[in-house]
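S.K.: Sharing a model prediction with you, sequence too.
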Amino acid sequence: MIPKVFREVIDLGDGREISIETGKLAKQAHGSVVVQSGKCMLLCTVVSNYKQSDVDFLPLTVDYREKFAAAGRYPGGFFKREARPSDGEVLTMRLVDRVLRPLFPKDYHAETQVMIQLMSHDENVMPDAMAGLAASAAIQLSDFPFECPISEARVARVNGEFVINPTRAQLEESDIDMMIGASADSVMMVEGEMDEISEEEMAEAIKFAHEAIKVQCAAQVKLAEAFGKKEVREYDPEREDEDLAKKIHDMAYDKVYAIAKAGSSKKERGLAFSEIKEEITETFSEEEIEDYGDLISKYYAKAEKAAIRNLTLEEGLRLDGRKTDEIRPIWCEVDYLPSTHGSSIFTRGETQALATVTLGTSRDANQIDMPSFEGEERFYLHYNFPPFSTGEARPIRGTSRREVGHGNLAQRALKGMVPEDCPYTVRVVSEVLESNGSSSMATVCSGTMALMDAGVQLKKPVSGIAMGLISDAESGKYAVLSDILGDEDHLGDMDFKVTGTADGITACQMDIKVKGLSYEILVNALKQAREGRLHILTKLTDTIAAPAADVKPHSPKMVTRRIPNEFIGALIGPGGKVIQELQKETETTIVINEDPVTEEGVVEILGVGQEGIDAVLAKIDSLLFKPEVGSVYEVKVIKMLDFGAVVEYMDAPGNEVLLHVSELAWERTENVSDVVNMGDVFDVKYFGLDSRTRKEKVSRKAILPKPEGYVARPPRDKNRGNRDNRGRDNRGRDSRRDDRKPREEKQDS
């Protein structure tokens, strides 16, 4: 039976379109769609259990995978099968999760899985830009309790014009790369990197993307109506008790407000809030606690949140006593670790990050091998968030999605400031040692200083700040919070992180929780973030004003040389013998790459000692040495022969040439040792290839003055036996006949 297929098409302009199709594949899933643009096809399926899980949160899993078969390729490595997700796939999962999760009801706790798979790849279509659309469209065809359709779109600016879902080639020419997640009414998520743009330009890019997302949301609604929108499933909601909620609010609110207003440390107020909660709990009987224990905790948390928010809105004060635009105390230090190539500590309040920099060759580049993209990163940043940083003890099971996401944000913030001609591969590692507030922004700041300490010539220093927003729709009041605490992270209406130089924004990450946030408030928040960034930037530059002029003495020095491709084989040697011995002798690392554009070999020489690097350069110079005809060169005798001396060019060790005995001096030379000996250094003139011997010719006598009365010997007669043109010698005899006679006699004999 041929399945009935339902399809909606979205016009992107420029002849491009996105289609959403359902009814053909994966029909046992609770919702499934195929989203296609060009030859790129994503299959998204969603399933949610009908039984509520015994947890107090939504166990949502968003999984995005790219199949190598989609690009007609085999997976790399020994096992030819897709394994753990790449960082690129993890980042796409996070982008989708952050937009979907807030739209499920807070009391919906059923195990839910969203799976998005790249089934067919198109090199002109970036699939991650369509993942959010695919996820939302599949949910719209299901019976999940979900607030409204959403979508995501990438926005770029090429030659001053905004472009939705650009190609990778367009993105390379763009000064903006942002992913926007939104519903038809509200922007919910922003993440991306920029080339030092202004706050107003960023807001314009968000507006442009939102208009495209509105069209995509409308297409989902049409598809669901055509397919037959299912009734929303029934589930067991969390129980509520309004009387209990009011009772606990009345008992907790004023006490929490007073402690919050006192402005204490994280540990002190944490203990104080725990005491309030314990006092309230003690007012209930054991039976009531057993029956309503979960509600008591829930309603106390609501009262605590309300008190803290109102303190900020009404009095402009925060948990630690700061004003809304005040930054916590900052102290910094560079060159802390003696053995690293660069290091720094950045401490802001109770958040601390220790960053290290390692310098390497192109061989140390981070290789990216995904079906949708192959390449390498010569600058990359890794972020580690150990449990002790928040005073916790928990098992470490590999790199978390959060660590991948935060590291990527810091990497995007800094990479545009690493100069294009930096010869090194640069790896930055951030170890978060304390966390109460944004550790990713602390990573940006410590990373900046560590790079400057390592001698990486950053174009400009970069700082970052985490901001919050608290607003009240009824009163119209709002407060933008600079440098938010960990406790403020979850109680605000917008959490956003902004990085940049003194001249503009380089990266951002926003999660907007309030509906219908005005662009006026957004721009005001971004401008306040700029003031905070510049304040932090002064602390960084007070610690280290400019990049170190050179790398540290124990750091490797990098020298790059270009050589014609024809000389690469000579430098490598048979079986790599020459280059391996050279690396061992000079204690350097030598990497050779071919530049297909210039058809040259790019030789990278990495070594701690300058002597070793100089030795490698001398070897390369000797390989490339080509003496010029008529030029004079200093040489050294390295071998004595009966018919001359082998000499080596002093400027190009390893390049040898024969100095014939006849070119030693103007006088007749019987023995070579009468004129030169082993180790003698003198000048010779280069004449190029000898027309008779086809070998290189040099002469010592050519640059010596002729002896007085010197008479040159007559040149040898080229006519063998002094014959004339008719074969007669100078006595008139026919030498040809005489030559034949002995042969005839020999033949007779």
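M.R.: Received, thanks.

S.K.: Tell me where the stretch 251-400 of the chain has helices.
M.R.: Under the criterion DSSP state H, counting those that start in this stretch, the stretch 251-400 of the chain contains helices at 266-282, 286-315.

S.K.: nearest to Val647, of those helices?
M.R.: Val647 lies closest to helix 266-282 among the helices of the stretch 251-400 of the chain, at 77.6 Å (C-beta to C-beta). For glycine as for every other residue, the C-beta is placed from the backbone atoms N, C-alpha and C.

S.K.: And the contacts of that closest one?
M.R.: Residues from elsewhere that reach helix 266-282 (C-beta atoms under 8 Å, 6 or more residues apart in numbering): 248, 251-252, 255-256, 259-260, 262, 264, 289, 296-297, 300, 304, 319-320, 350, 436, 485-487.

S.K.: Kindly recompute the last result at 6 Å.
M.R.: Helix 266-282 is contacted by residues 251-252, 255, 259, 300, 350, 436 when judged by C-beta atoms under 6 Å, 6 or more residues apart in numbering.

S.K.: out of the helices of the stretch 251-400 of the chain, nearest to Val432?
M.R.: Ranking these by proximity to Val432 (C-beta to C-beta) places helix 266-282 first, at 15.5 Å.

S.K.: follow-up on the earlier one: can you say which of the helices of the stretch 251-400 of the chain is packed in most?
M.R.: helix 286-315 (a mean of 16; mean count of other C-beta atoms under 10 Å).

S.K.: Just want the angle from that helix to helix 266-282.
M.R.: Taking axes from the mean of the first three to the mean of the last three C-alpha atoms, to 10 degrees, one finds helix 286-315 and helix 266-282 inclined to each other by 140 degrees.

S.K.: helices or strands next to helix 286-315 in the packing?
M.R.: The contact analysis (3 or more C-beta pairs under 6 Å, 6 or more residues apart in numbering; DSSP states H and E) places helix 286-315 against helix 242-262.

S.K.: pLDDT averaged over the helix it packs on, what's the number?
M.R.: The average pLDDT within helix 242-262 is 92.

S.K.: Next, the buried residues of it.
M.R.: Buried residues in helix 242-262, counted by 16 or more other C-beta atoms under 10 Å: 244-245, 247-249, 251-253, 255-257, 259-261.

S.K.: Take stretch 412-427, keep the C-alpha atoms, and write them as CSV.
M.R.: The C-alpha atoms that make up stretch 412-427 are tabulated as CSV, following Å, rounded to 0.1, in the frame of the first residue of the first chain:
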residue,chain,number,x,y,z
ARG,A,412,34.6,31.3,19.3
ALA,A,413,35.1,34.4,21.5
LEU,A,414,38.9,34.2,21.2
LYS,A,415,39.7,32.7,17.8
GLY,A,416,39.0,35.8,15.7
MET,A,417,41.7,37.6,17.6
VAL,A,418,44.4,35.0,16.9
PRO,A,419,46.4,36.5,13.9
GLU,A,420,46.1,34.6,10.6
ASP,A,421,49.9,34.4,10.3
CYS,A,422,50.4,32.8,13.7
PRO,A,423,52.8,29.9,12.9
TYR,A,424,51.7,27.7,15.8
THR,A,425,48.9,25.4,16.5
VAL,A,426,47.5,26.8,19.8
ARG,A,427,45.7,24.8,22.4
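
S.K.: how far does it sit from the chain's center?
M.R.: Chain-centre distance of stretch 412-427: 9 Å, with C-alpha atoms, centre = their mean, to the nearest Å.

S.K.: Angles on the backbone of the nearest residue to Gly607 once chain neighbours are set aside, please.
M.R.: Counting by C-beta to C-beta, 6 or more residues apart in numbering, Gly607 lies nearest to Thr588, which is 3.6 Å off, once chain neighbours are set aside. Dihedral pair for Thr588: phi -130, psi 170, per degrees, to the nearest 10.

S.K.: right, and Thr588 touches Glu611 too?
M.R.: No: Thr588 is beyond contact range of Glu611, at 9.9 Å (criterion: C-beta atoms under 6 Å).

S.K.: hang on, the earlier thing: may I see the helices of the stretch 251-400 of the chain organised as JSON lines, with distance to Leu381 and mean pLDDT added?
M.R.: As requested, the helices of the stretch 251-400 of the chain are arranged in JSON lines below (distance: least, C-beta to C-beta, whole Å; pLDDT from 0 to 100):
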{"stretch": "helix 266-282", "distance to Leu381": "27", "mean pLDDT": "91"}
{"stretch": "helix 286-315", "distance to Leu381": "33", "mean pLDDT": "90"}
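
S.K.: Go through the ones you listed and name the closest to Phe104.
M.R.: That would be helix 286-315 among the helices of the stretch 251-400 of the chain, by C-beta to C-beta, at 17.4 Å.

S.K.: what number of residues lie near Arg65?
M.R.: 16 (other C-beta atoms under 10 Å).

S.K.: for Lys497, same thing?
M.R.: By the criterion of other C-beta under 10 Å, Lys497 has 24 neighbours.

S.K.: about what we covered before: please identify which of the buried residues of helix 242-262 is nearest to Thr543.
M.R.: Using C-beta to C-beta, those come closest to Thr543 at Ala260, 32.8 Å.

S.K.: what sits against the closest one?
M.R.: Taking C-beta under 6 Å, 6+ apart, one finds 308, 311, 319 in contact with Ala260.

S.K.: measure it to Ala306 for me?
M.R.: Distance, Ala260 to Ala306, using C-beta to C-beta, to the nearest Å: 11 Å.

S.K.: which non-adjacent residue is nearest Glu488?
M.R.: Closest to Glu488 by C-beta to C-beta, 6+ apart is Gly468, at 5.3 Å.

S.K.: Make sure the one you found is actually in contact with Ser482.
M.R.: No: Gly468 lies out of contact with Ser482 (C-beta under 6 Å); the separation is 8.3 Å.

S.K.: Helix or strand with the lowest mean pLDDT in the protein?
M.R.: Scoring the helices and strands of the chain by mean pLDDT, DSSP states H and E places helix 735-748 at the bottom, with a mean of 44.

S.K.: Please name the residues that touch Met188.
M.R.: If you count contacts by C-beta under 6 Å, 6+ apart, Met188 has them with 99, 181-182, 512.

S.K.: Model confidence for it, exactly?
M.R.: Taking Met188 on its own, its pLDDT is 93.

S.K.: And the contacts of the particular helix or strand that has Asp453 in it?
M.R.: Here Asp453 is covered by helix 439-454, with elements defined by DSSP states H and E. Here helix 439-454 makes contact (C-beta under 6 Å, 6+ apart) with 334-335, 341-344, 346, 351, 353, 355, 357, 383, 406, 409-410, 413-414, 428, 430, 432, 458, 461-466, 497, 499, 540, 544, 547.

S.K.: related to what we said a few turns ago, could you check how far the residue nearest to Gly607 is from Gln528?
M.R.: Shown here: Thr588 relative to Gln528, a distance of 50 Å by C-beta to C-beta.

S.K.: Likewise for Glu696?
M.R.: Distance from Glu696 to Gln528, by C-beta to C-beta: 74 Å.

S.K.: before we move on, the earlier item: so which of the contacts of helix 439-454 are in strands?
M.R.: Those of these mapping onto strands are 334, 342-344, 346, 351, 353, 355, 357, 383, 428, 430, 432, 463-466, 497, 499, per DSSP state E.

S.K.: Now the buried members of those.
M.R.: Counted by 16+ other C-beta under 10 Å, the ones in strands among the contacts of helix 439-454 give 334, 342-344, 346, 351, 353, 355, 357, 383, 428, 430, 432, 463-466, 497, 499 as buried.

S.K.: Tabulate the contacts of Ala260 in TSV, adding columns for distance to Asp369.
M.R.: Shown next, in TSV, are those (distance: C-beta to C-beta, whole Å):
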residue	distance to Asp369
Ile308	47
Leu311	51
Leu319	46
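
S.K.: which one of the residues you listed sits closest to Pro3?
M.R.: For the contacts of Ala260, the nearest to Pro3 is Ile308 (53.9 Å; C-beta to C-beta).

S.K.: show me what contacts that closest one?
M.R.: Ile308 touches 260, 491, counting by C-beta under 6 Å, 6+ apart.

S.K.: sorry, back to before: compare Thr588 and Glu611 (neighbour count), which wins?
M.R.: Neighbours per residue, other C-beta under 10 Å: of Thr588 and Glu611, the larger number sits with Thr588, 22 against 10.
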